Structure formats: structure tokens, C-alpha cells
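Q: quick one, fold the following:
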Amino acid sequence: MIGEEDLALVHALQVRPRASWVELGEVLGCTPTTVARRWERLAGTGAAWVTAVPGPRCAALTAYVGLRCVTGTREKVAQALAGDPAAVTVEITAGSYDLLVEVITADLASFGRYLLDRIERLPGVTGSTVAIATTVVTEASRWRLDALAPDQSAALGDAPRGGSVPARRLTELDRRLLAGLGRDGRQAWHQLAQETDTSAATARRRAERLLASGEAALRCDVAGPLFERPVTVSLWAQVPAPELRAVARHLAAVPSVRFVATTAGRENLLVALWLRSPEEIQQLEVELALRHPAVLVQDRTIALRTAKRMGRLFDGNGYGTASVPLAPWAEQTWY
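A: Purely as a prediction, here's the structure:
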């Protein structure tokens, strides 16, 4: 497990993913060198990382695909999908599905091609169920560890949310910059410039514009099992339309909830949680039923292993190992 000092550092980077070592040291009560050394160790082992993810104004379609597979094939199917830019998250699950895959594509037509011509043609896949996101209420860049005191978090100040400048059509340089920030969202501007064949000033200006426009967002992510939250659960619920917004907002404020989206599918609400134990599932459902009796939880999936999360690949022990550029930012996609 990760020590309290490292937990505090990760929490600080969740608040401000590109805060300087000096700023972090002042909040955490240690020298900039010490902070940098701790982060180098965490990032070097794949225990934590800062990455670029689609922001609130990214023009893309998000869908959730539950797959059923021939017995003994789901590991191979998961590995095949993990290399695809469009399959941003791949979980091997227990429940109604063998795999749960989050797919991000440019639009509905691209998703249809990817589903029909790639996913459903993989050897071992026997069926699929699809839910398309209509509204993302909260996502993991807003999720926080409980490791900083309120005054420490306030001293850092939240990173600005996207939308302060107009969005514009992505260029090839923009795509290279986003891919580079996907691999390491804290890398120095001169390193990103070398990687993308531009100047440091251009790399910084264009990357900051992409973040300010809401095309992308930075988030500090962690290997869940190492942070005392080894149980990843997805709940699928049916909520009466007049109550959907209130229920989604209530769940978005629950500390263990990392993601809430309304969907166009058999169920109209998807909730993803990181829990300390499976018993917490029932506790949350009881609380939800007492507050919103009309909500019906129709299905639950528990991740047995996460092969990939938002572009980050994992080894068998849950450590991050590499990054796959996300669609629709990737220069090449399967579809």
C-alpha cells in the first residue's frame, strides 16, 4: 500500500495536475526536491500518473459495450481490444458480461463501424450490449483521495475547468501534443516540444489552449488496488425521467463514486465506484433506495481485472505500464 505522504502528493496532483514542485512542497511541507523524488518513484513504478483525457467540450461519442465471450477467451479478447485507441477502458468482469469496454469515437457512424467490423468480429466474442452516454455528470478527473486537509486543498486551488476559450478544429500538431500529454501529463514543455517536433513556446501555448477550450483535461490517476480501493463496480439503474438529474447529482457527490453518466440504453444511468470491499455495494444501494425509492438497480458488474483504463495499460498486479493514444485524438484509428 501507499504511504500517507504519497497519498497526499497524489491528492495534490488531482487538484492541480501541473502544479510546480515548489507549489507542491509548500502545501505538503517538504522541499521541492523531496516532492519530485516521490513523484518520480510513483510514476516510475506505474503506481500513479498524470494523463490527458477528453474534456467537457471534446466532440466525441462515448459508449459502453458489455461483451459475452466463449469460455476461456476473454483474456485474449481483452488484450486485443486494449491496443485499440477507441477502446479506452477494458475490464474483465464478473456479472452479466465477461468484459465491459468504454469506447470513445468521433461520432455515431465511427462507433457503429468499430462495433460491427472490429469488436463483434473478434474470435471468442458471442454477443454485445450497448449503452450510449447522453450526459456525463461527473468523471474521474473530479474524483479525489481523502488525503489533504481542506486548507491544503484550498491553497492549491482547483485547476481551471475547460471552456474559457473557444474550441477549434484539431491539427496534426494538436493530436501529437495530446498523445504526448496522454503518456505523461507533467512532462516539461521542452520535452513535449522535442517529442512533437515543435518549439517549447508553441507546445506550451497550444497545449494550454487545448486544456482551456475543454477539448482535453488533465487528471492524476492511480492504481486502485494500491490505494486501498481494490473493488471496481459498475451499477446500471433505471430511473424515472423526472428524477434522473437529481439522482445523478446525488450520486456524483458520493465519495466512492468516480463516474456518473446518463445513457440511452436498457438502463438510463451508469455509476462507477471504487470501493474498499464488495459489502459496500449493498450499503450504497440501501442508502440510494431510502433517498430515491423509485430507482431500480438492474445490474452490477465487478472488475476482476482492469486491462486498460482511459488509455493506460496495466500489468497483472494493477500497475500502469504504457499508454495508448485515445481516439479521436489518435493519428490512426482502427475504424
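
Q: quick check: which ranges of the protein have low pLDDT?
A: Regions of the chain meeting the criterion pLDDT under 70 cover residues 1, 159-160, 162-164, 331-335.

Q: and the strands in it?
A: Assigned by DSSP state E, the strands in the chain fall at 48-54, 61-69, 87-94, 99-105, 125-138, 216-222, 231-238, 257-264, 269-275, 296-309, 312-314, 320-323.

Q: count of residues packed around the nearest residue to Leu218 once chain neighbours are set aside?
A: Spatial nearest neighbour of Leu218, excluding adjacent residues (Cβ to Cβ, 6 or more residues apart in numbering): Pro17 at 3.9 Å. Quick note: C-beta positions are derived from backbone N, CA and C, even for glycine. The local packing of Pro17 (other Cβ atoms under 10 Å) involves 21 other residues.

Q: my guess is Pro17 contacts Leu211. True?
A: No: using Cβ atoms under 8 Å, Pro17 is not in contact with Leu211, being 9.6 Å away.

Q: and for these two, which residues touch both?
A: Counting by Cβ atoms under 8 Å, 6 or more residues apart in numbering, the residues touching both Pro17 and Leu211 are Leu218.

Q: need the residues that contact stretch 250-261.
A: 62, 133-140, 143, 146, 229, 248, 269-275, 280, 284, 288, 291-292.

Q: just the buried subset of the residues you listed, written out for PyMOL, thanks.
A: In PyMOL syntax, the buried subset of the contacts of stretch 250-261 is picked out as below (16 or more other Cβ atoms under 10 Å):
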select buried, resi 62+133+137+138+139+140+143+229+248+269+270+271+272+273+274+275+280+284+288+292
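
Q: tell me the bridge partners for the nearest residue to Ala252 once chain neighbours are set aside.
A: Nearest residue to Ala252, sequence neighbours excluded (Cβ to Cβ, 6+ apart): Thr138, at 3.9 Å. The partner list for Thr138 in beta bridges (DSSP bridges) reads Val260.

Q: ok, now how distant is Thr138 from Val260?
A: Using Cβ to Cβ, to the nearest Å, one gets 5 Å for the distance from Thr138 to Val260.

Q: likewise for Val35?
A: Val35 sits 32 Å away from Val260, taking Cβ to Cβ as the criterion.

Q: count of residues packed around Gly66?
A: So Gly66, with other Cβ under 10 Å, has 22 neighbours.

Q: shouldn't Val231 be in contact with Leu284?
A: No: using Cβ under 8 Å, Val231 makes no contact with Leu284, being 11.6 Å away.

Q: which residues in this protein form helices?
A: Secondary structure of the chain by DSSP state H: the helices cover 4-15, 21-28, 32-45, 74-82, 108-117, 150-156, 172-183, 189-196, 200-213, 244-252, 279-291.

Q: His11 against Trp143, yeah?
A: No: taking contacts as Cβ under 8 Å, His11 lies outside contact range of Trp143: 10.4 Å.

Q: contact partners for the residue nearest to Leu218?
A: Shown in contact with Pro17 (Cβ under 8 Å, 6+ apart): Val50, Ala159, Gly185, Arg186, Leu218, Arg219, Cys220.

Q: rerun that using 6 Å as the cut-off
A: By Cβ atoms under 6 Å, 6 or more residues apart in numbering, the contact list for Pro17 reads Val50, Gly185, Leu218, Cys220.

Q: out of these, who's the most crowded?
A: With neighbours taken as other Cβ under 10 Å, the top of the contacts of Pro17 is Cys220, carrying 28 neighbours.

Q: gap between the nearest residue to that one once chain neighbours are set aside and Val297?
A: Closest residue in space to Cys220, ignoring its immediate chain neighbours: Leu13 at 3.9 Å, by Cβ to Cβ, 6+ apart. Separation of Leu13 from Val297 (Cβ to Cβ): 33 Å.
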